[in-house]
Every structure is written in structure tokens, then in C-alpha cells.
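Colleague: following is a predicted model, sequence given first.
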Amino acid sequence: LTWTPIKEFREILFTQHGGIAKISINRPQVHNAFTPLTVQEMIEAMRICQDRTDIGVIILTGEGGRAFCSGGDQSVRGHGGYVGEDTVPRLNVLELQKIIRSIPKPVVAMVAGWAIGGGHVLHVVCDLSIAADNARFGQTGPNVGSFDGGFGASYLARVVGQKKAREIWFLCDQYDAQEALDMGLVNKVVPLDKLEETTVAWCHKILQKSPLALRMLKSSFNAELDGQAGIQELAGNATLLYYLSEEAKEGRNAYMEKRQPDFSKYPKFP
Ligand code: 2NE
């Protein structure tokens, strides 16, 4: 499979294959732990994916086959957050989580090896997760002096249930791919050498579907959970659909032509 570079970054690889974009953390020497820069680059790549009309689905993954992501890089964790080159402490992975959830295109986590800590949360917030048989899942926060009580707790509980989510956080155990499948934490488990092939096949299926239907569905799934922000997403999509209609265009045309709009011909549906 050929992956064409979209943009060069320092800590991630950002490539595409047709309508599929792939964002891959490229720090295999630390099991793809992220720094503020890694996260900043992933956010930028996600924004590019959002803007590009030729991209229909995004794969999130890690390089090397031994880890998806091991969470925040503890070696740069300082006073008040993860410290980047500008010496400012940050927790910008929370912003990335929000973008993954709100970007109006499906995001698929392709998980080989460790998905741990903040890296585990990243796969949790993806729309779908496909795991290799070597994948290992878990939270470590209470072991290392951290926690993610946002999506990392509440959305995890929506995915696997309250009891299991509390077990995952309170015990910090690690779970293999089959256990993850059994608790509904991943969608599919495949041999490591079939991981990319399977993920790409799923992406191709997604690309054959109506993009507006997928967009509406993603925001509909979110709306129930995300309060006013979720309703804003869903309503934004309703506005997009309305702008595409002749009825909405009559309003704009009338304003531009300095006349009264004539909405009389548009049906008042039951
Ligand atoms: C992932 C795990 C269990 C793998 O164990 P193992 O034995 O297979 O590998 P090893 O030897 O631990 O790791 C290989 C190298 O990667 C580094 C290690 O220090 C080691 O380096 P060297 O000794 O070879 O120099 N490495 C791995 N993970 C790292 C990390 N997160 N930061 C810095 N270096 C890391 C095992 O490696 C492990 O438990 N890793 C730590 C997982 C962890 O606790 N992550 C942070 C959780 S907190 C978080 O992510 C977070 C949050 O809670 C809230 C908001 C945002 C983030």
C-alpha cells in the first residue's frame, strides 16, 4: 500500500492513500508517548483532514508495531503539565480528544501493541478501534500520579459500562485484545500482519457511504452525550443541509436582490 506524505512533521507521520488520511505517532523508542509537540502536530493534521474535501476517513495509529501510544511522555512532565520547547506546561491532549470526537469524519484507531494511559484514552475517543492480536490496553494514571476524569472516565464508562470503567481506573490492570473485544472496547481483533489491510478495508467501506449521512450520524451519536456542545454540532450540520436547499437560497437571494423573499412555494411538511 502506498502512503503519500501530506505534510512533514517532527514527531508524527501524516500521509494519505486516496481518501484515507493516516496520522501516526512516530516516537517508537518510547512506545509513542506524546509530548506537547506531538499533540500539537496531531491537532494540526486533524485540522487539515477536516478542511480537505478529498479526505473522508482518518486512521490514528503509532509507528513500530509495538505501541499505539503509551500516553504522556513522563520525561517532559513538569510542574503543572507536559512541558514543551517553549517551557510552558500543557495538557493539550484534551483539545486533541475533543477534535477527534467533533471532526465530522470517522476516525479509526489502528492499535498494535500498547494503548496505555493517555494513549488508551485516544483510542477510546476514536469512532472505531481495530486491534492487532498483540494489543494491550489499560490506564495507569493512579500509578503515576495522574488521571483523566473527562472523556477518559465518562466516555469510557459509556463504552464499557460503569463497573468495568471503574475497574480499569481503580486497578490499572492491562487487558489483552480478546478481553478488549469482549468488553466492547474495540470493534475487531486481527493478526498483527493483517492490521493495516483490515483497517484500510474498513475505511474503504466507509468511503463508499454517503458522507453527509456519516457526518449526521457522528454528530447524532455525540449530541446525546455532549450537552450544548453536542447539540451545536448536530445543529451546525442541520444548518449545512438547510443551506443546500432552494428554500434557504431564496432567503439569501432576496436579501441580495433587495426584495421580499417568497417562501410561499416551499412545502410545509407534516
Ligand atoms: C507501556 C508499558 C507498559 C510498556 O512496558 P515495556 O516493559 O514493554 O516497555 P518499557 O521498557 O517500559 O518502555 C520502553 C521505553 O519507553 C519508555 C520507557 O521508559 C522505556 O525507555 P528506556 O528505559 O528504554 O529508555 N516509555 C514508555 N512509556 C513512556 C511514557 N509514557 N513516557 C516516557 N517514556 C516512556 C510501560 O512502558 C509503561 O507503563 N509506560 C508508562 C505508561 C504511563 O504511565 N503513561 C502515562 C499515563 S498518564 C497520561 O498519559 C495522561 C493522563 O493521565 C491525563 C492526561 C494526559 C495524559
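Modeller: Perfect, I can see it now.

Colleague: hey, let's count contacts and neighbours off CA atoms from now on
Modeller: Fine.

Colleague: neighbours of F34, how many?
Modeller: Neighbour count of F34, defined by other CA atoms under 10 Å: 27.

Colleague: list the contacts for it?
Modeller: I25, R27, C69, S70, G71, G72, D73 (CA atoms under 8 Å, 6 or more residues apart in numbering).

Colleague: over to H123?
Modeller: Counting by CA under 8 Å, 6+ apart, H123 has contacts A109, V111, A115, S129.

Colleague: got it, and A153?
Modeller: By CA under 8 Å, 6+ apart, the residues touching A153 are A165.

Colleague: what's the burial count for K265?
Modeller: 7.

Colleague: next, give phi and psi for it.
Modeller: Note on K265: its backbone torsions stand at phi -80, psi 0 [degrees, to the nearest 10].

Colleague: model confidence score at it, please.
Modeller: Note on K265: pLDDT of 95.

Colleague: what distance do you get for it to the ligand?
Modeller: Here the criterion is CA to the nearest ligand atom, to the nearest Å. By it, K265 lies 54 Å from the ligand.

Colleague: same check, this time on D133
Modeller: From D133 to the ligand the distance is 15 Å (CA to the nearest ligand atom).

Colleague: so what's that residue up against?
Modeller: A112, D176, A177, Q178, V189, V190, P191, L192.

Colleague: give me that answer again for 7 Å
Modeller: By CA atoms under 7 Å, 6 or more residues apart in numbering, D133 lies in contact with A177, V189, V190, P191, L192.

Colleague: nearest residue to it other than its sequence neighbours?
Modeller: Nearest non-adjacent residue to D133, counting by CA to CA, 6 or more residues apart in numbering: P191, 5.2 Å away.

Colleague: so L128 makes contact with V108?
Modeller: Yes - applying CA atoms under 7 Å, one finds L128 in contact with V108, separated by 4.8 Å.
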